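Enquirer: need a 3D model of the sequence below.
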Amino acid sequence: MVAKDRIIFALDVGTVQEAHKWVRLLGERVGWFKVGLELFSSAGPAVVELIKANGMKCFLDLKFHDIPNTVYGAVRSAVKMKADMMTIHISGGAGMIQAALKGAREGALSCGISVPKIIGVSMLTSLNQDDLGDIGIQVPVKEHVLNLITLARENRIDGIVCSPADLEFVRPNIPDHITVITPGIRPDWAAKGDQKRIATPKAAISSGADLLVIGRPISQAENPVEAVERIVREIESL
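Expert: Numbering: from 1, shown residues only. Next up is the predicted model:
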């Protein structure tokens, strides 16, 4: 895979106008743009249309988590926007995962487009062992994540999101055709921020990540284009 195509730039902005600025600036320098809750709540489907109209791939990161029938309907409706991937929470259970996959297939068939990948979120990178205890999960982080990815794998999910700290035991436990997406990416020269379990781009890919979600190390850099180029060179050095 070409190095730049491994980079998913997180459009963590509040308006479609700000998103447009980043798409113009980085459109030829990264492989994907991620649309999360903040931007989608503000701009809605228009921002996905903006990304696709500029010939870019869109990662719709809304992390659907509800009863199976609701998630089925949400995914089927979301397919109409032509996003290339979208997220659900694995913790929604087997029935919800299957409902999401069914919604993706049926939505794509009704629109005559390719089926988007359904990506399961394991454990948020902002959480650690203490946080698990706060929500009543008493098993170690490793066991919790393994339980989730096993559930996702057995239900034939297309990809997973996991912390770079978990890659060493996640990648050996899932087949190669399942895409592994890793947030919490912080180059050595970038601030850590609120992420608790992080890795450099080179370390994450070496441990088995396919795609890297990167936001603030690029968006908060004095020269975002130069920041992307530094990350690309780091990936190419593998």
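
Enquirer: tell me how far stretch 85-101 is from the chain's mean position?
Expert: Taking CA atoms, centre = their mean, to the nearest Å, one finds the center of stretch 85-101 at 14 Å from the center of the full chain.

Enquirer: got the contact list for that stretch?
Expert: 57-69, 71-72, 75, 78, 104, 116-122, 148-149, 151-152, 154-161, 179 (CB atoms under 8 Å, 6 or more residues apart in numbering). C-betas here are computed from N, CA, C, even on glycine.

Enquirer: got it, and stretch 37-45?
Expert: 11-16, 19, 47, 60-63, 80-81.

Enquirer: against Cys162, how distant is Leu127?
Expert: 12 Å (CB to CB, to the nearest Å).

Enquirer: stretch 118-136: which residues count as buried?
Expert: 118-125, 127, 132 (16 or more other CB atoms under 10 Å).

Enquirer: distance between it and the chain's centre?
Expert: Distance, centroid of stretch 118-136 to centroid of chain: 15 Å (CA atoms, centre = their mean).

Enquirer: straight-line length of it, end to end?
Expert: End-to-end distance for stretch 118-136, by CA to CA, to the nearest Å: 27 Å.

Enquirer: what's the lengthiest strand in the chain packed up against?
Expert: Taking DSSP state E as the assignment, the strand of the chain that covers the most residues is strand 57-64. For strand 57-64, the packing partners by 3 or more CB pairs under 8 Å, 6 or more residues apart in numbering; DSSP states H and E come out as strand 32-35, helix 37-43, helix 45-53, helix 68-78, strand 85-89.

Enquirer: can you add mean pLDDT and distance to Arg24 and give those back as CSV?
Expert: Compiled in CSV, the helices and strands packed on strand 57-64 are given as follows (pLDDT from 0 to 100; distance: least, CB to CB, whole Å):
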stretch, mean pLDDT, distance to Arg24
strand 32-35, 98, 11
helix 37-43, 96, 16
helix 45-53, 96, 10
helix 68-78, 98, 25
strand 85-89, 98, 22
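
Enquirer: quick one, which of these gets closest to Arg230.
Expert: In terms of CB to CB, the element of the helices and strands packed on strand 57-64 nearest to Arg230 is strand 32-35, at 18.2 Å.

Enquirer: for that closest one, C-alpha coordinates in CSV please.
Expert: Output in CSV follows, covering the C-alpha atoms of strand 32-35 (Å, rounded to 0.1, in the frame of the first residue of the first chain):
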residue,chain,number,x,y,z
TRP,A,32,-8.9,9.1,3.6
PHE,A,33,-10.9,11.6,5.5
LYS,A,34,-12.7,10.7,8.7
VAL,A,35,-16.1,12.3,9.6
